[in-house]
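J.: Predicted model follows, preceded by the sequence.
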Amino acid sequence: MRNITETVKHLLIINIIFFIASLSIGNLVYDLFALHYPSNSKFQYWQPLTHMFMHGDFGHIFFNMFGLYMFGTPIEQMWGKNKFIFFYLSTGFGAAALQLTLYYYQIGNISSLLAAEGLTASEISRFFESSDLSYALVNRIGKNNLLSSLSAYNGVMVGASGALYGVLVAFAFLFPNARLMLLFPPIPVKAKVLVPILIFVDLFFGFSSYSIGPIAHFAHVGGAITGLIMMWYWKKNQFDKNRWDL
């Protein structure tokens, strides 16, 4: 077992504290710190940051924190704490931004359809808050479309997965030939092969009607894209390590 680095250790502790708080206090913690859609009354300006430290259940936090330890530790050892935490938080913000952009599109599309049906802005807002529509209107617009927009408006986003995908991309850049062991099937795969496969799987589930649970697939993709852009930019400009470890 490799020695855990300082920033990774602190991130693990913060995530565990938030998780214990969510188990102890419950919905109040999710209302305050999970990421809500910006037009939702429960949205707070700090949630794009705090949602990275919230998790839905034990399995969710365990796999995210295990991944952070496994892949974040060697990266922090190479980069130092300042560059690593900047990268980690940036990819987390990028993950949230792409998922919220998708929600904005879904909600905006339904809002336009409701407006075309003659609903006022206040009536549309009341629909998203209370799901109150006539049966005929539901049939005309489509139940699935309406449910999808309601889920986007009232759902919450939690987890470090988006930032972790950024870390995975960085790991594949820095250690492309490192062999990682799959769980199913238990075979070794090089990082430069496995990470693109993981991103492709999220794209597949994100664009398809299949689902394996309440997973924000585009948040994963957003974290990966942000990480890819940052790694490309840093490689192109050859950022010196000393610019970060002040």
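T.: Ah, there it is. The structure displayed is predicted, hence computed values, not measured ones. Residues are numbered from 1 along each chain as shown.

J.: E129 versus I141, what's the distance?
T.: To E129, I141 is 17 Å away according to Cβ to Cβ, to the nearest Å. Placement of C-beta: from N, CA and C, glycine included.

J.: Now do the contacts for I14.
T.: If a contact means Cβ atoms under 8 Å, 6 or more residues apart in numbering, then I14 has F53 as its contacts.

J.: higher neighbour count, I141 and E129?
T.: More crowded of I141 and E129, by other Cβ atoms under 10 Å: I141, with 17 against 14.

J.: element containing the residue nearest to the more buried one when sequence neighbours are not counted?
T.: Closest residue in space to I141, ignoring its immediate chain neighbours: L113 at 5.2 Å, by Cβ to Cβ, 6 or more residues apart in numbering. Secondary-structure assignment from DSSP states H and E places L113 in helix 81-116.

J.: Quick check: buried residues in that helix?
T.: By neighbour count on 16 or more other Cβ atoms under 10 Å, the buried set for helix 81-116 is 83-85, 87-100, 102-103, 106-107, 110-111, 113-114.

J.: Report the distance from the least confident helix or strand in the chain by mean pLDDT to the chain centre.
T.: Within the chain, no helix or strand scores below helix 135-141, which has a mean of 70 by mean pLDDT, DSSP states H and E. The chain centroid and the centroid of helix 135-141 are separated by 33 Å, computed with Cα atoms, centre = their mean, to the nearest Å.

J.: next one: stretch 57-64
T.: For stretch 57-64, the distance to the chain centre is 14 Å (Cα atoms, centre = their mean).

J.: what residues are up against D202?
T.: By Cβ under 8 Å, 6+ apart, the residues touching D202 are 217-218, 220-221, 224.
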